[in-house]
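Enquirer: heads up, no residue letters with this:
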C-alpha cells in the first residue's frame, strides 16, 4: 500500500498523466483534478502529503487554490506553470507555495524536488506540543488551547507562537523570525511579524502572569516565561 499521497491539480491531461505515471512509479497514491474548484474539494477529501498545482486553471486559478489550501493546511505545494516572470514566482511563494517549477520541466528532476520539499517539511514540522500555564500549543493538530478553550488561529500564528515558545526568554529579531518561520524565500517585509504578534497578543494577553509575548525595543520579540516548557 502506498505510503504517500499526491494531488495533481492540472487541466492539461497529458501533463497530468505524465506526472501521475512518475509519481505512481515512485510509490505515491495519486489523485488528479482538472480544475481548481475540484482540486480544493479533492484536497479536503484525500488529505494528500503534497500538492502539484498548475496556475492557469479553469473555474478557480492556482492562486485561489493555494489560498484555499493555506487557509486550512500547511501541506507542501509545488506550483507548476508556464509563467516565468519573477512577479508570478513571488506571488506563488508569498501565498505559501513551497516550490515553483516552470514548464516544460524534466519529470525525474521534478520528482526529486517533490522528495526535497517533503524532507524539508518533515524537518520543519515534526509532531510537537508545548504546554505552559493555561496554554497548550499543539502542532500535531494545529490547535491552540487557552485557559481550557480552543481558540482559532491561522497556521502562521500557530507556527510563530510555537517557535517563540520553544525557546522561552530568547529574543528573536524580525528578520530571524521571517527566515525561521516564513522561510528564507519569503518576499514580504518585517511588518508581517508585527501584525502576527499583535493578533497573538489579542488572544493571549491577561491569561497568565507566568508568561507573555514581550517586545524588546529596537531588537524584536520573545516569549517570556518563568516556567519550563513541557
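Expert: All right, it came through fine. Because the structure is predicted, anything quoted here is derived from the model rather than measured.

Enquirer: Check the gap between the closest residue in space to residue 113 that isn't next to it in sequence and residue 10 for me.
Expert: Nearest non-adjacent residue to residue 113, counting by Cβ to Cβ, 6 or more residues apart in numbering: residue 99, 5.8 Å away. C-beta: built from backbone N, CA, C; applies to glycine. Going from residue 99 to residue 10 by Cβ to Cβ, to the nearest Å gives 15 Å.

Enquirer: From the neighbour counts alone, determine which of these two ranks first.
Expert: residue 10 (25 against 20; other Cβ atoms under 10 Å).

Enquirer: mind listing what that one touches?
Expert: Contact analysis of residue 10 by Cβ atoms under 8 Å, 6 or more residues apart in numbering lists 16, 19, 32, 33, 34, 52, 53, 54, 57, 80.

Enquirer: Filter these down to just the ones in helices.
Expert: Using DSSP state H, 16, 19 are the members of the contacts of residue 10 that sit in helices.

Enquirer: In a markdown table: the contacts of residue 10, plus pLDDT, neighbour count and distance to residue 146.
Expert: Shown next, in a markdown table, are the contacts of residue 10 (pLDDT from 0 to 100; neighbours: other Cβ atoms under 10 Å; distance: Cβ to Cβ, whole Å):
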| residue | pLDDT | neighbour count | distance to residue 146 |
| --- | --- | --- | --- |
| 16 | 94 | 20 | 43 |
| 19 | 94 | 24 | 42 |
| 32 | 97 | 18 | 41 |
| 33 | 97 | 24 | 37 |
| 34 | 96 | 17 | 42 |
| 52 | 96 | 27 | 37 |
| 53 | 94 | 28 | 34 |
| 54 | 92 | 25 | 39 |
| 57 | 94 | 23 | 38 |
| 80 | 87 | 24 | 40 |
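
Enquirer: Redo the contacts of residue 10 as TSV? Include distance to residue 206.
Expert: Converted to TSV, the contacts of residue 10 look like this (distance: Cβ to Cβ, whole Å):
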residue	distance to residue 206
16	52
19	50
32	49
33	45
34	50
52	45
53	41
54	46
57	45
80	47
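
Enquirer: which one of the contacts of residue 10 is nearest residue 133?
Expert: Nearest to residue 133, judged by Cβ to Cβ, of those is residue 53 at 41.3 Å.

Enquirer: Confirm for me that the closest one is in contact with residue 78.
Expert: Yes. Counting by Cβ atoms under 8 Å, residue 78 is a contact partner of residue 53 at 6.9 Å.

Enquirer: List of residues touching whichever helix in the chain runs longest?
Expert: Counting residues, the longest helix in the chain under DSSP H turns out to be helix 107-124. Applying Cβ under 8 Å, 6+ apart, the external contacts of helix 107-124 come out as 4, 6, 18-19, 22-23, 26, 49-50, 52, 74, 76, 78, 98-99, 101.

Enquirer: of those residues, buried ones?
Expert: 4, 6, 18-19, 22-23, 26, 49-50, 52, 74, 76, 78, 98-99, 101 (16 or more other Cβ atoms under 10 Å).

Enquirer: Of these, which pair is most distant in space?
Expert: Across the buried ones among the contacts of helix 107-124 (Cβ to Cβ), the longest gap, 27.1 Å, separates 18 and 74.

Enquirer: which residues do residue 53 and residue 78 both contact?
Expert: Each of residue 97 lies in contact with both residue 53 and residue 78 under the rule Cβ under 8 Å, 6+ apart.

Enquirer: what about the closest residue to residue 69 other than its chain neighbours, which SS state?
Expert: Closest residue to residue 69 apart from its sequence neighbours, by Cβ to Cβ, 6+ apart: residue 43 at 5.8 Å. Three-state call for residue 43 (DSSP: H, G, I helix; E, B strand; the rest coil): helix.
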